[in-house]
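S.K.: Need a 3D model of the following:
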Amino acid sequence: MMRLKPLLRYKSSLVGVGILCFLIILSVYTVATLPFEEAARLWRAGELTWLDNPRNALPAWVNFFSPTKLPETLILNTQKPGPDVIKVSVRAGENIKISRVEMNFRYGFDDFPSEINLFFTSTYRTSPPQLTISWTKPDGTQIPLRRMTIAREDRFYISSDTVLSTELNQLMENRLGRKPAYTVPTSTILFGPFDETLLNPESVKVVKGDYRLSVEGLLFEPEADFDVKLVVYGKVYGWAGTDHLRRDIGIALLWGTPIALLFGVSAAVSIALIQMTIGAVSAWFRGGVDTVMQRITEVFLVLPFLPVLIMVSTLYKVNIWVILLIVVFLSSFGPGVKNYRALFLQLRESPYIEAARSYGAGDLRIVVIHLIPRVLPTMIPSVVLSAADFVFLEAALAILGIGDPITPTWGKVIQDAFYFGALFKGHYYWVLIPSALLAATSISFALIGFALDKIFNPRLKEV
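M.R.: Next up is the predicted model:
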């Protein structure tokens, strides 16, 4: 441990240690606050699980750097009543009841929402409720949206309803006396001014102020009732944004951190220990044992590592930890075996080895107690440097679509981004954030590894 103190004297290693400590803290936080089973369930869940999230939303911190304040998602629900959500029910007969819901919210963003949706839940025996839905703008303009009969679980996609879009465009044409050269989006009509600016998509701006959604329900049974949830979707969400399925990308990035570190460090340490042990046994016993081990090593050196790994992962849908075992197996007889063997052949003739043999030490004791500990310090830098290689290997397999299909990882996020055209559609955050985490991990291990190499190999000089 004393030899590790000089690590703090290198500025580059301090940067590497700082990045690695941040990743470790992030990993501990993730494991402590978000169970893996819950994270995997959410990541595998379909879009219905994430209906309250906007689709393909930018990270929320974008608003700190943008002169235009992008909208955040607004949710109002009659099941969570408050001063902005009012629900009143009155009897209109023996079996008829009228319920009125008013949802008021203030919209102060500089851009239009990405979507506007309504979700309904109702209770009744035979006669479903009939609803009349209207929208009121800050200037008092009231726009009828829909008259509909709802089921027990129902929804109304306001911004994507083609019938409503046609009706609103016709209403706008009648009021302005002119037909626009394009189909004005529903969200633009609902949040924009009813004037000439609507005719030009480049000049129309959001009308900030207080909006109200009104729902009047006619219920035909004494015990019948309904609830409404209004979701005005924004264009930013969370610290990492969302994907095409509305999933919070932050979940995959958070759990990708401990998985990447555990995969990289486990693979690097396991392979180094196995190769060092094989090299020590081969150099000490020599003869037939050495010949067999060297021939096996040469066979593994000839085998194409990545194609074999891809073939196994394609034929057998294995999880990430089985992939780790396959990586360790394929790398156990790698080039490191010959390097360690050459080093152990030199140590074999050292005086302290002769002294151990003269005291009657057995072969196993000499290998484990006297040979391997001498090589361990030189192994540490190579282990640290190779950990980043295995982090990238796991990500590369996921990007190729042959990694663990269930586990949320950085590589899986990048693979989804490329598959669904994130860069082509301008969703750069979807690729850049996991790529930045991969690069930061690689840089941290590289800086620490180079510093350790200088510490354990005094012949290296500061450049």
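S.K.: care to break this protein down by domain?
M.R.: Per automatic domain parsing, the structural domains of the chain span 2-45+248-456, 70-233.
S.K.: what would these look like in a markdown table with mean pLDDT, mean neighbour count and distance to R55?
M.R.: C-beta: built from backbone N, CA, C; applies to glycine. Converted to a markdown table, the domains of the chain look like this (pLDDT from 0 to 100; neighbours: other Cβ atoms under 10 Å; distance: least, Cβ to Cβ, whole Å):
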| stretch | mean pLDDT | mean neighbour count | distance to R55 |
| --- | --- | --- | --- |
| domain 2-45+248-456 | 85 | 17 | 10 |
| domain 70-233 | 90 | 16 | 7 |
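S.K.: Summarise which helices and strands the helix or strand harbouring G449 is packed against.
M.R.: Take DSSP states H and E as the rule and G449 turns out to sit in helix 429-456. Counting contacts by 3 or more Cβ pairs under 8 Å, 6 or more residues apart in numbering; DSSP states H and E, helix 429-456 packs against helix 11-33, helix 249-285, helix 372-399, helix 410-419.
S.K.: For Q79, find the nearest of the ones you listed.
M.R.: helix 249-285 (25.0 Å; Cβ to Cβ).
S.K.: Past the closest one, which element shows up next along the chain?
M.R.: On the C-terminal side of helix 249-285, the closest following helix or strand by DSSP H and E is helix 287-302.
S.K.: packing partners for that next one?
M.R.: Secondary-structure packing of helix 287-302 (3+ Cβ pairs under 8 Å, 6+ apart): helix 249-285, helix 335-348.
S.K.: could I get the domains of the chain as TSV with distance to A57?
M.R.: As requested, the domains of the chain are exported to TSV (distance: least, Cβ to Cβ, whole Å):
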stretch	distance to A57
domain 2-45+248-456	9
domain 70-233	7
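S.K.: right, and those - which one's nearest P54?
M.R.: Smallest distance to P54 across the domains of the chain (Cβ to Cβ): 4.0 Å, for domain 70-233.
S.K.: Give me the distance between the residue nearest to P258 when sequence neighbours are not counted and G256.
M.R.: Computed as Cβ to Cβ, 6 or more residues apart in numbering, the closest residue to P258 that is not its neighbour in sequence is S27, at 3.7 Å. Per Cβ to Cβ, to the nearest Å, S27 is found 10 Å from G256.
S.K.: Between the helices and strands packed on helix 429-456, which one is closest to K317.
M.R.: Minimum separation from K317 across these (Cβ to Cβ) falls at helix 372-399, 12.4 Å.
S.K.: Between helix 249-285 and the closest one, find me the angle.
M.R.: Helix 372-399 runs at 140 degrees relative to helix 249-285, counting by axes from the mean of the first three to the mean of the last three Cα atoms, to 10 degrees.
S.K.: about what we covered before: any chance of the helices and strands packed on helix 429-456 in TSV with distance to S165 as columns?
M.R.: Below are the helices and strands packed on helix 429-456 laid out as TSV (distance: least, Cβ to Cβ, whole Å):
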stretch	distance to S165
helix 11-33	42
helix 249-285	30
helix 372-399	39
helix 410-419	30
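S.K.: mind checking the end-to-end distance for stretch 418-438?
M.R.: Start-to-end span of stretch 418-438 (Cα to Cα, to the nearest Å) is 16 Å.
S.K.: Report the distance from it to the chain centre.
M.R.: Relative to its chain's centre, stretch 418-438 lies at 11 Å (Cα atoms, centre = their mean, to the nearest Å).
S.K.: which residues sit in contact with S270?
M.R.: Contact analysis of S270 by Cβ atoms under 8 Å, 6 or more residues apart in numbering lists V328.
S.K.: again, but for V15
M.R.: 443-444, 447.
S.K.: Which one of these is nearest to F263?
M.R.: After measuring these against F263 - Cβ to Cβ - the closest member comes out as S444, at 15.2 Å.
S.K.: how much space between the nearest residue to Y428 once chain neighbours are set aside and S66?
M.R.: Counting by Cβ to Cβ, 6+ apart, Y428 lies nearest to A422, which is 7.4 Å off, once chain neighbours are set aside. A422 is 19 Å from S66, where distance means Cβ to Cβ.
S.K.: try P335
M.R.: P335 is 50 Å from S66, by Cβ to Cβ.
S.K.: Could you do T242 as well?
M.R.: To S66, T242 is 17 Å away according to Cβ to Cβ.
S.K.: Name the residue in the two with the higher neighbour count.
M.R.: Taking neighbours as other Cβ atoms under 10 Å, T242 and S66 compare with T242 leading, 26 against 13.
S.K.: give me the beta-bridge partners of that one?
M.R.: Assessed by DSSP bridges, T242 has beta-bridge partners D248.
S.K.: contacting residues around it?
M.R.: Neighbouring residues of T242 by Cβ under 8 Å, 6+ apart: 50, 53-57, 248-249.
S.K.: Would you map the strands across the stretch 1-150 of the chain?
M.R.: Per DSSP state E, counting those that start in this stretch, the stretch 1-150 of the chain carries strands over the ranges 74-77, 85-91, 97-107, 115-123, 130-136, 142-149.
S.K.: Could you tell me whether the residue nearest to Y428 really is in a helix?
M.R.: No - if the criterion is DSSP: H, G, I helix; E, B strand; the rest coil, then A422 is coil and not within a helix.
S.K.: List the contacts of it.
M.R.: Going by Cβ under 8 Å, 6+ apart, A422 touches 416, 428, 430-431.
S.K.: Let me have the residues you listed in a markdown table, extended by distance to E94.
M.R.: Formatted as a markdown table, these follow (distance: Cβ to Cβ, whole Å):
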| residue | distance to E94 |
| --- | --- |
| D416 | 56 |
| Y428 | 61 |
| W430 | 57 |
| V431 | 62 |
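S.K.: with those in mind, which one is nearest to L198?
M.R.: For those, the minimum distance to L198 (Cβ to Cβ) is 30.7 Å, reached by Y428.
S.K.: re earlier: mind checking which of the contacts of T242 are in helices?
M.R.: Among the contacts of T242, the members falling in helices (DSSP state H) are I249.
S.K.: mind putting the contacts of T242 in a markdown table, distance to R9 included?
M.R.: Below are the contacts of T242 laid out as a markdown table (distance: Cβ to Cβ, whole Å):
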| residue | distance to R9 |
| --- | --- |
| W50 | 49 |
| N53 | 47 |
| P54 | 48 |
| R55 | 50 |
| N56 | 47 |
| A57 | 45 |
| D248 | 41 |
| I249 | 39 |
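S.K.: Quick one, which of the contacts of T242 are buried?
M.R.: 50, 53-57, 248-249 (16 or more other Cβ atoms under 10 Å).
S.K.: Relative to V62, which of the domains of the chain is closest?
M.R.: Distance to V62, taken as Cβ to Cβ, is lowest for domain 70-233 among these, at 6.6 Å.
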